[in-house]
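Student: let's see this in three dimensions:
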Amino acid sequence: MVSVGGILSAVVLLAPALGASLVVDERFQAWDRDADGRLVPEEVPKHLRGNFDRVDRNRDGFIDLEEHLAVVGLPARNTRAEVRLIPDVAYAGDGHPRRRLSLLLPKRPTVPEPLPLIVYIHGGGWKGGHHRDGARVLMDLVATGRFAGATIGYRLTDEVIWPAPYEDCRRALGWIRTHAGDLGIDSRRIVAYGHSAGGHLASMLAVREVGPDRLAGAIDFFGPTDLLAMQSQMSPDGLIEHDASDSPESQLVGGPVQEHPELARSASPIEFVDREDPPLLVIHGDQDRLVPFDQSKEFVKVIREAGGSVVFLEIEGGGHGGFRNPRIFEAVRAFLEHQLHGKGTSPISASLPHAPGG
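Tutor: Here you go, the predicted structure:
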């Protein structure tokens, strides 16, 4: 049984400034290595640099805190009093620092237990990121009292190749299912959710897991789906040479991706689609310079041809994340409500601007 005695709450830091409250964004502070209050491209994580020009609204070559917050947004409310965090659970039992998960449980559920679960898988090109990053994504959803949350880590390509990251995600889900009764979680109602590499892994779980391990759905924000096609689909201004030996995809399969076609196909969700797969929500910006938009477009086409269920949100002018249109996140919530609670209607496929008024 998991002890909840050591539960920690997520912290939102507030500092007074000019008579108002200014949110101190921990990511901005961590990236701002010289502490000058602004970011240059070299300080931004590599997998996010494709969005630098769009975030730098005044085109001065720097991103200040105001520009950063305009993209990532402010927290709607302080949720630390509403959510219990159980951090860094070693789900594999081997002490590996990457094979850990954190649980987010509402202190006051607003629906009968057991609660459905949203499992977040972090991005980072399978070579970066951390499971703790997912707490920010899940916090407001869990604070409604309608969902439990888990954010899971996996080994990265500095030490493993495919299928190890996928198998780690499966093992984390196995741990959750084993302890679901103790945690008040309904193991039959699980949706996987991820961005970029995390979206890829969420989609892979959706199309591969069957029987009692079958998911209730998956949410894929701009994840790769067909590794062998990525370079051919890349726009002329793309930022990654996907067929190069040092690309994220090549590192995932242990060498130049085109020289490892069988392993690349085994790591491509598009290869495993069938009509029995759970519903997917796929979201992708049509100006993504890291993961080609056609990765999602073709994935959705194959799902529909197979008779599967998929909602596709094409984000006009959207890059590799940084979307600010609230309708996108309303669709995410509607999808979760429909798939996990049977409430309302699922969102419909649409083309949406990346920001309000776009």
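Student: would you say Gly145 is within a strand?
Tutor: No - looking at Gly145 with DSSP: H, G, I helix; E, B strand; the rest coil, it is coil, so not inside a strand.
Student: tell me how far it lies from Pro112.
Tutor: Computed as C-beta to C-beta, to the nearest Å, the Gly145 to Pro112 distance reads 11 Å. (C-beta placed from N, C-alpha, C; glycine too.)
Student: again with Leu48
Tutor: 40 Å.
Student: between those two, which is the more surrounded one?
Tutor: Neighbours were counted for Leu48 and for Pro112 using other C-beta atoms under 10 Å; Leu48 has more, 20 against 7.
Student: Provide the secondary structure category for the more buried one.
Tutor: helix.
Student: so for Ser268, what's the pLDDT?
Tutor: On the pLDDT scale, Ser268 is placed at 98.
Student: my bad, Ala355
Tutor: 89.
Student: also the one 3 residues further on?
Tutor: In the predicted model, Gly358 carries a pLDDT score of 63.
Student: one more: Ala17?
Tutor: Taking Ala17 on its own, its pLDDT is 26.
Student: apart from its chain neighbours, what residue comes closest to Ser296?
Tutor: His284 (3.8 Å; C-beta to C-beta, 6 or more residues apart in numbering).
Student: my guess is that neighbour meets Gly319, correct?
Tutor: No - counting by C-beta atoms under 8 Å, His284 does not reach Gly319; the two are 10.2 Å apart.
Student: so which strand or helix has Arg136?
Tutor: Using DSSP states H and E, Arg136 maps to helix 134-143.
Student: which neighbouring elements make contact with that helix?
Tutor: strand 83-90, strand 100-106, strand 115-121, strand 148-152 (3 or more C-beta pairs under 8 Å, 6 or more residues apart in numbering; DSSP states H and E).
Student: take those and write them to JSON lines, including distance to Ser296, mean pLDDT and mean neighbour count.
Tutor: JSON lines is the format used below for the helices and strands packed on helix 134-143 (distance: least, C-beta to C-beta, whole Å; pLDDT from 0 to 100; neighbours: other C-beta atoms under 10 Å):
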{"stretch": "strand 83-90", "distance to Ser296": "31", "mean pLDDT": "96", "mean neighbour count": "18"}
{"stretch": "strand 100-106", "distance to Ser296": "27", "mean pLDDT": "98", "mean neighbour count": "24"}
{"stretch": "strand 115-121", "distance to Ser296": "17", "mean pLDDT": "98", "mean neighbour count": "27"}
{"stretch": "strand 148-152", "distance to Ser296": "23", "mean pLDDT": "98", "mean neighbour count": "29"}
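Student: no further questions, thank you.
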